[in-house]
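**Q** curious how this folds, go ahead:
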Amino acid sequence: MSISKLIHEINLGSFQAIAKGITLVENQLPGHQELLRTISQNRRTKIIGFTGPPGAGKSSLINALLAQLAHSNKIAVLSIDPSSPFNLGALLGDRIRMNDFYLNPHVFIRSMASRGSLGGLCPSVIEVTELLKAAPFDYIFLETVGVGQSEIEISGLADTTVVVMVPEAGDEIQTMKAGVMEIADIFVVNKSDRSMADEFIKNLKILVHANHQEWEIPVLKSVATSGEGIQEIIRLIDLHANYTSNNTLKRSQLLCDKVFQLIQKKRMEKVNKEDLQRQLQHEMDSSNFNLFRFAEAWY
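**A** Residues are numbered from 1 along each chain as shown. Okay, here's the model as predicted:
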């Protein structure tokens, strides 16, 4: 299939064409650059990022949102999974966690491996997300690995970042404050039918209000397995996504973060870590070795 025909099929929403396009981009196969340079964006698509500690119920929450939204919306789900240390493929699978929607004609689901990325995402997530925006999706749900403070990368990619937590995370608030806690546009306390949930939510609201911003960050309760609180989460997601789309500064910041990451990645392409290590082993015991002079040779 030619690139122009592939783009046409993606624009029409063909899941087969979308999957083929993602494979081209993710593996940097011939034609992927032409594909990326030619695609056009669907500006009404909302990119919603879901992050938070492992076990918070991010996948369950997305399942509950799909159950409410999929009947009248087209939705793409990108699940970023931990990588196998042997082949860098995804360890977890979308067919296992979201199998209720695997055959749904309104829901496209793709697992992608983090491939060692410390940001909770994966190296080609910007390109894949922009590719999905060329298809007629209403929402793109992006679920991160859930690795802790380092996954703040998602805030530079998603229009709205939902941080999912559980009541037992009360002791973690202080240590998370400097990272994941500060990227939230919406907090969702999942599994809020558990004990101590109300106390945790109260403390979280105090923390949120202490860091006042133009957008007042809501703290919402949910029980994803029963659907409790899901409608309110959808309402706030739409409200914030519309807020972002009308905020020129916020939109320019998101685009700047994406372009910066693309430039950074492109400039690092020629730096091979194995070559770097081999040269270091050769030079590091020299009496005049200097770390900064060595690094400058690779700039």
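**Q** any weak-confidence spans in the stretch 51-200 of the chain?
**A** Confidence mapping of the stretch 51-200 of the chain against pLDDT under 70 gives the ranges 81-98, 113-123, 145-153, 155, 169-181.
**Q** switch to 90 and redo it
**A** 51-59, 79-103, 110-126, 143-159, 165-184, 194-200 (pLDDT under 90).
**Q** strands of that one, start to end?
**A** For the stretch 51-200 of the chain, the strands defined by DSSP state E, counting those that start in this stretch cover 75-81, 107-113, 139-143, 160-165, 186-189.
**Q** and the last one, which strands flank it?
**A** Put plainly, it is strand 186-189. When sheet partners are counted by DSSP bridges, strand 186-189 sits next to strand 160-165 (parallel), strand 219-221 (parallel).
**Q** now the element after the shortest one, going C-ward?
**A** Along the chain past strand 219-221, the next helix or strand (assigned with DSSP states H and E) turns out to be helix 230-245.
**Q** next, the angle helix 230-245 makes with the next helix or strand after that following helix.
**A** Using DSSP H and E, the helix or strand that follows helix 230-245 towards the C-terminus is helix 248-268. Interaxial angle, helix 248-268 versus helix 230-245 (axes from the mean of the first three to the mean of the last three Cα atoms, to 10 degrees): 80 degrees.
**Q** can you pull the contacts of the residue nearest in space to the middle of the chain?
**A** In the chain, the centroid-proximal residue (Cα atoms, centre = their mean) is Leu142; its distance is 4.2 Å. For Leu142, the contact set (Cβ atoms under 8 Å, 6 or more residues apart in numbering) comprises Ile47, Ile48, Gly49, Phe50, Leu78, Ile80, Leu121, Val125, Thr129, Ile154, Leu157, Ala158. C-beta here means a position set from N, CA and C on the backbone, and glycine is covered the same way.
**Q** the third one contacts Val163, correct?
**A** No. In this structure Gly49 lies outside contact range of Val163 using Cβ atoms under 8 Å: 9.1 Å.
**Q** number of residues surrounding His8?
**A** His8 has 13 neighbouring residues, counting by other Cβ atoms under 10 Å.
**Q** helix or strand for it, which one?
**A** Per DSSP H and E, His8 falls inside helix 3-12.
**Q** what residues sit buried inside that helix?
**A** Within helix 3-12, the residues that qualify as buried are Ile3, Leu6, Ile7, Glu9, Ile10, counting by 16 or more other Cβ atoms under 10 Å.
**Q** for it, give me every contacting residue.
**A** Defining contact as Cβ under 8 Å, 6+ apart, one finds that helix 3-12 is touched by 1, 16-18, 20-21, 31, 34-35, 38-40, 131, 134-136.
**Q** helices - which of the contacts of Leu142 land there?
**A** In this view, these that belong to helices under DSSP state H are Val125, Thr129.
**Q** ChimeraX command to pick out the buried ones of the contacts of Leu142?
**A** Buried members of the contacts of Leu142, defined by 16+ other Cβ under 10 Å, are picked up in ChimeraX with:
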select :47,48,49,50,78,80,121,125,129,154,157,158
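**Q** follow-up on the earlier one: can you redo the buried residues of helix 3-12 as a markdown table with distance to Val259 and pLDDT?
**A** A markdown table is the format used below for these (distance: Cβ to Cβ, whole Å; pLDDT from 0 to 100):
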| residue | distance to Val259 | pLDDT |
| --- | --- | --- |
| Ile3 | 23 | 92 |
| Leu6 | 24 | 95 |
| Ile7 | 22 | 94 |
| Glu9 | 27 | 95 |
| Ile10 | 22 | 95 |
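**Q** in a markdown table: those, plus distance to Arg278.
**A** Shown next, in a markdown table, are the buried residues of helix 3-12 (distance: Cβ to Cβ, whole Å):
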| residue | distance to Arg278 |
| --- | --- |
| Ile3 | 38 |
| Leu6 | 39 |
| Ile7 | 41 |
| Glu9 | 44 |
| Ile10 | 41 |
